[in-house]
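K.L.:
Next one to model:
(chains A, B, C and D)
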Amino acid sequence: MKYEINTIDQAIQIEILPDKEKIMIQQGKNKLMFDAVRVQPEMYSVLMNNRSFVVGVCSMGKNRVTVNGTPISLQLLDAVHLHLRELGWESMQETKAGLIETQIPGLITQIFHQVGDMVNEGEPLFLMEAMKMENEIKAPLTGRISKISVKEGQTVDKGTNIMEIG
Amino acid sequence: MKYEINTIDQAIQIEILPDKEKIMIQQGKNKLMFDAVRVQPEMYSVLMNNRSFVVGVCSMGKNRVTVNGTPISLQLLDAVHLHLRELGWESMQETKAGLIETQIPGLITQIFHQVGDMVNEGEPLFLMEAMKMENEIKAPLTGRISKISVKEGQTVDKGTNIMEIG
Amino acid sequence: MFKKILVANRGEIALRVMRTCRELNIETVAVFSEADRTAPHVLFADEAYYLGPAPSNESYLRHDKILEIALQSHAEAIHPGYGFLSENTEFARRVAEAGMVFIGPPASAIKTMGDKTMARQAMLQTDVPVVPGTEEPIDNVEEALAVAKTIGFPVLIKAAGGGGGKGMRIVNNTQTFIDAVGKAQRESKSAFGDSRVYIEKYLEEPHHIEFQILADEHGNIIHLNERECSIQRRYQKVIEESPSPFIDQDLRDRMGKAAVETARKCDYVGAGTVEFLVDKHKNFYFLEMNTRLQVEHPVTEMVTGIDLVAEQIRVASGLPLEIKQEDVKIYGHAIECRIYAEDAAQDFTPSTGKIVMLQIPDGAGTRFDGAIRQDMEITPYYDPMLGKLICWAKDREGALNRSERALREFYIGGIETTIQFCRAVIRHPVFRQGPYDTHFYTQFQKALHADITRATEDVLVVAGATLYQHKEQLKHISESGKSDRKGRSNWVRAQMGREQS
Amino acid sequence: MFKKILVANRGEIALRVMRTCRELNIETVAVFSEADRTAPHVLFADEAYYLGPAPSNESYLRHDKILEIALQSHAEAIHPGYGFLSENTEFARRVAEAGMVFIGPPASAIKTMGDKTMARQAMLQTDVPVVPGTEEPIDNVEEALAVAKTIGFPVLIKAAGGGGGKGMRIVNNTQTFIDAVGKAQRESKSAFGDSRVYIEKYLEEPHHIEFQILADEHGNIIHLNERECSIQRRYQKVIEESPSPFIDQDLRDRMGKAAVETARKCDYVGAGTVEFLVDKHKNFYFLEMNTRLQVEHPVTEMVTGIDLVAEQIRVASGLPLEIKQEDVKIYGHAIECRIYAEDAAQDFTPSTGKIVMLQIPDGAGTRFDGAIRQDMEITPYYDPMLGKLICWAKDREGALNRSERALREFYIGGIETTIQFCRAVIRHPVFRQGPYDTHFYTQFQKALHADITRATEDVLVVAGATLYQHKEQLKHISESGKSDRKGRSNWVRAQMGREQS
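P.N.:
Coordinates of the predicted model:
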């Protein structure tokens, strides 16, 4: 089956030929003998044409792996998606870039804006105290604040939706 | 509930008072505050009257634990068993001391005896080659060989019954 | 020597201190918060006592509770580690009053040096040069601005009560100054309970160099040479090394002498660190003195062969130093990489969660001072440092290569860490070449972060194909309820088949 | 210098060699048997190739396969580690013929020194004293008995073709002699394919002392002082240290000179070890020369600061030694504990199974050279050594204390190991005091094994109560299908309750 591996700045076409005995990968003119064996629930030992890689599949569900430590965010598009794209459909899910979520639990100490404010990319949005440090969270893109979901002085959990831009 | 902790050379009576909030142990006149928290499937962190111990419950089913590394083989007799013993019954299961089993897989290279032979404790019974070494297995007790279950040249798995004495 | 010591700390430094205690045949008492019942320092200790809920001010900062436990457990001394109560004069005084030994300098030395402004004032009476700036701590913003204008921008705002980069701000102009002071005051108040700050001249192309000091009660003071600490982000050290690639023997001798003079000025006893800024002309200025064990003390241990915690304990028990200045030699080179639970790609935001997979590097010249374990939960309550990787080799190049090898070997799954960031620094040509200054991170930030995620086409194919297989296996598990193909290798079977045919 | 090296080995030594390769920026090629597809050396390497089924003679001993892979992968050199093909003249010759470098001495030196009888004959032409015994290997039992009677009992029977204690027997009288020769011949045949043995005088109260040698192609030969290897069981080393507590500087110099002379006699190049027996009067006798890296090489690395694998590789690539004899210094003291997957209580029977829990000691002066991982299966196919713990400190007492601390910290769950046995040796008063001889184990066997299981009443209560709780929890799980109380602490809750009340 044909796949496309997409990262931020690259796209590679491969064909995966699974078999009962082995996995072969066709990449352009190269045939690659691929063998991945799970050594821990979230870690694989991979041999590809005898080159050895340790691959971590850190976060289940997320399209993110580490190869010999290097973190790689990727999308794997299968033939169906590729075909849809050929037909002019954009199959890739649009990510909500303007959604600001907390990465860790903490205390919201100050919010610099109100709903409706225009903010520039890199402009401070709010202050959050976590792990004894005051963290200034900046706007990831330029746009108008459409929603603020928390108040100053509020304690928030990891993954809380704080505000939305655009 | 009352228990007796038995090892090869010691016997200790304790009373375990489980509670929703804590476990108290009464040992003679001493009251011990006991807290065991599992940190890995086979490892506990234990605080007993604030003294810290790491306890490994290595082999499920076997009555063997390690406390700060020290291996301890023990039996835990509950009130029912203790009562039976008071009435003159021997509740402890008799172990088959004369049963010779292999600890690892290997090849039986030579057997020195036949069924019916008398052997003295420490006398060689058979040779087994495992991990590139020839291992001489000696009789654990004096007695008559009642059964031999393998032949010379036979490859055996871990835990195979080789012979029985008495 | 003491028979029993209470370690009033947690994490890697608690474990570090307890290891030496055990080697000296001293019993150890751990204290722990609710979040730390099964933390490594609790499992390691001979005794462990519950302190209180997870927040530090309800557990590790509670003088009363810790003193009560120390008395109850018959500890003869208390080792505070770094952070928490390590530079708390009040606590040091109360420990002594309770008839126990505080393993640290006398309360007077902590008081003098702990308050950066008092320290500056003391140092102005010596030959040791100090950076121009405020002599008194400032609570008033306008007053602070006046000082800043006098010494000229850029200036540095620092918390009077603390260290470790918390509450620190660099300001380039009048416009942003007032806002920055406010932030520094709030952070300082939250971290150290003291909102006063001070202002100093910000040196350009500065090197952050510190000297390790050892002093006993009998008037002997020696230094154990320098540590180079110029690799910082958010004003926190990330990588330290000894010796410094910037310092020559003449400068080392002069700075060492100044460090000893500093320690003598405040009647120092124990292990301490004198921090200097050195400009590009090799002029050095006293910055501050840390009256405790530093995070980065192992690099000094690796190049001198001296166990600093053992020396702290010996000195605290009243024994004289066994080492003389002329016995201190530098053997080879050591580099420390701090491994934080932080996402370097997200401006070093702390990362919490469960360590689902752990592989710690080891082998020749490789030391890891940490307090982590597979399946352990990293909570958001404390400092996000997981541990420190220290690599030693006979020269700097060897130590760089060893660090790179060890970082490549290091694997922590389930949370974000700074392992890859450290790897990017270690292999950066400017760092490899040395010397570098404190601007290194800001200057090469982009290149460093790009290096972390740089991947060849082959690596992308491996990433994609493994993700494919992983998802296929998960699919099969959920479809059939059967186990996956874990531990079985298609390819080995294929090769075997070939061989048999 | 080489660009790529194939490591023809597995386990800890393969990993050890590859770590240095990576530090020298040399690519590594691993080979693996069917049982080792996910072994640590495969995961570490840059490339990995399948050799064959698990048994060594179908995988790690296959000259043809290994040479084929070396050529296919464009490796420039092959490092054999220890064991397997490391002392195989035929393999060394074939590597050279195929245009690659065998990282080890010339085939001629392996041939001379690998055959113990040839080695004895060579040494008889030098000033280095040898132990009285047979000069020719013997296949005939009666002939062997005649020699034994001539030199007088007790005598030692040794395999002519191998090392590591395999095929070795000590015999005290004529009655047991013939039986012992038979056993030694069978073992030797099975392990090395050579049934010949030789007989030598068994020295009483002997110390097993060996000297590390480094030699280059340019005629430079140096020694890196001694290793004390008298702690043995089943004629296999368990604990080694450097320097030896038995050797004084005069004896060290004389033995070092003899070791260098030995190496020169066989035109040695690379890293090698000259083993001596030293009797209680400090007379020393040449025992054998090991023409490879030894298991215990890290103790020498820790006290000299020299990376022996790096030196091997440098010398093999034709470079001259960088170190001169006068540059070799002893810094502090190092002790190595070998950790085997063996049940010490069952006469050191190998133990196989899954490592369900793993905690490797770390911290100052603590090095572990191993190749193990949590959830890894220990198979019965290869040597049962899991790794080596090496502890360094500034003196022997410090190294003893550090070893004890580290062994206490070491936890391997799921299989039996020699960790506790090593701990018993380290804290035995005779070992602590040193010097000790090779009879140490037989002499104190009972006390050592008793020490392993010694427990106070408190420890028994902890053992019993934890077992109670564990079984209760298992019962609850199987009864209700619900999860156990993992990670929750009754007692913390109890204390919290008290605090709130």
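
K.L.:
CA only for contacts and neighbour counts going forward, please
P.N.:
OK.

K.L.:
Tally up the residues packed near C:Ile209, please.
P.N.:
Counted with other CA atoms under 10 Å in any protein chain shown, residues neighbouring C:Ile209 total 28.

K.L.:
mind pulling up the phi and psi values for it?
P.N.:
phi -120, psi 130 (degrees, to the nearest 10).

K.L.:
Give the bridge partners for it, please.
P.N.:
C:Glu228, C:Phe276 (DSSP bridges).

K.L.:
Is it correct that C:Ala75 is in contact with C:Ala8?
P.N.:
No: at 11.5 Å, C:Ala75 and C:Ala8 do not qualify as touching, with contact defined as CA atoms under 8 Å.

K.L.:
neighbour-wise, which of these two wins?
P.N.:
C:Ala8 (27 against 21).

K.L.:
Surely that one touches C:Ala77?
P.N.:
No: applying CA under 8 Å, one finds C:Ala8 not in contact with C:Ala77, separated by 10.3 Å.

K.L.:
so who does residue 47 touch?
P.N.:
All of this refers to chain A. A:33-36, A:53, D:47-48 (CA atoms under 8 Å, 6 or more residues apart in numbering or on different chains).

K.L.:
look at chain C instead
P.N.:
B:47, B:50-52, C:28-30.

K.L.:
Next, the residue lying closest to C:Leu321 once chain neighbours are set aside: phi, psi?
P.N.:
Residue nearest to C:Leu321 in three dimensions, not counting chain neighbours: C:Asp216, with 6.0 Å by CA to CA, 6 or more residues apart in numbering or on different chains. When read as degrees, to the nearest 10, the backbone of C:Asp216 gives phi -110, psi 180.

K.L.:
Chain B versus C:Asp216, what's the distance?
P.N.:
Distance from C:Asp216 to chain B, counting by CA to the nearest CA, to the nearest Å: 33 Å.

K.L.:
Verify the contact between that residue and C:Pro320 for me.
P.N.:
Yes: in this structure C:Asp216 lies within contact range of C:Pro320 using CA under 8 Å: 5.7 Å.

K.L.:
Name the helix or strand of chain A that has the lowest mean pLDDT.
P.N.:
None of the helices or strands of chain A scores lower by mean pLDDT, DSSP states H and E than helix A:79-86, at a mean of 68.

K.L.:
Name the residues of the helix or strand that that helix is followed by that are buried.
P.N.:
The helix or strand immediately downstream of helix A:79-86 is strand A:99-101, counting by DSSP states H and E. Neighbour counts over strand A:99-101 (16 or more other CA atoms under 10 Å in any protein chain shown) mark A:99-100 as buried.

K.L.:
And stretch C:93-101, by the same measure?
P.N.:
C:93-95, C:100-101.

K.L.:
what does it rub up against?
P.N.:
Counting by CA under 8 Å, 6+ apart, C:67, C:75-78, C:102, C:107, C:316-317 sit against stretch C:93-101.

K.L.:
Pick the one among those closest to chain D.
P.N.:
The closest of the contacts of stretch C:93-101 to chain D turns out to be C:Leu67 (CA to the nearest CA; 16.6 Å).

K.L.:
got a list of what A:Val150 touches?
P.N.:
By CA under 8 Å, 6+ apart, the contact list for A:Val150 reads A:162-163.

K.L.:
any idea of the mean pLDDT for stretch C:435-442?
P.N.:
Mean pLDDT, computed over stretch C:435-442, is 94.

K.L.:
Residues touching it, excluding its own?
P.N.:
C:205-208, C:230-233, C:244-246, C:430.

K.L.:
Let's see that with 6 Å instead.
P.N.:
Stretch C:435-442 has contacts (CA atoms under 6 Å, 6 or more residues apart in numbering or on different chains) with C:205-207, C:230-231, C:245-246.

K.L.:
residue closest to the middle of chain C?
P.N.:
With distances taken as CA atoms, centre = their mean, C:Val295 lies nearest the centre of chain C, 3.2 Å away.

K.L.:
Please give the element, helix or strand, for that residue.
P.N.:
Applying DSSP H and E, one finds C:Val295 in no helix or strand.

K.L.:
can the helix or strand harbouring C:Ile69 be found next to chain B?
P.N.:
Following DSSP H and E, one finds C:Ile69 within helix C:63-72. No: contact between helix C:63-72 and chain B is absent, the nearest approach being 10.4 Å (criterion: CA under 6 Å from any CA of the partner chain).

K.L.:
Show me which parts of that helix are buried, residue by residue.
P.N.:
Across helix C:63-72, burial judged by 16+ other CA under 10 Å covers C:63, C:65-67, C:69-71.

K.L.:
can you list contacts of the helix or strand containing C:Cys391?
P.N.:
With secondary structure defined by DSSP H and E, C:Cys391 is part of strand C:385-393. Here strand C:385-393 makes contact (CA under 6 Å, 6+ apart) with C:12, C:332-340, C:365-370, C:399, C:403.

K.L.:
and the chain, what are its domains?
P.N.:
I'll assume chain A. According to automatic domain parsing, chain A comprises the domains A:2-79, A:87-165.

K.L.:
The chain in question should be chain C.
P.N.:
C:4-103, C:132-201, C:204-331, C:342-482.

K.L.:
Serialize those to a markdown table and add fields for distance to B:Gly69.
P.N.:
Converted to a markdown table, these look like this (distance: least, CA to CA, whole Å):
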| stretch | distance to B:Gly69 |
| --- | --- |
| domain C:4-103 | 12 |
| domain C:132-201 | 38 |
| domain C:204-331 | 25 |
| domain C:342-482 | 17 |
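
K.L.:
For the strand of greatest length in chain A, name the packing helices and strands.
P.N.:
Across chain A, the longest stretch assigned as strand under DSSP state E is strand A:30-40. Secondary-structure packing of strand A:30-40 (3 or more CA pairs under 6 Å, 6 or more residues apart in numbering or on different chains; DSSP states H and E): strand A:23-27, strand A:43-48.
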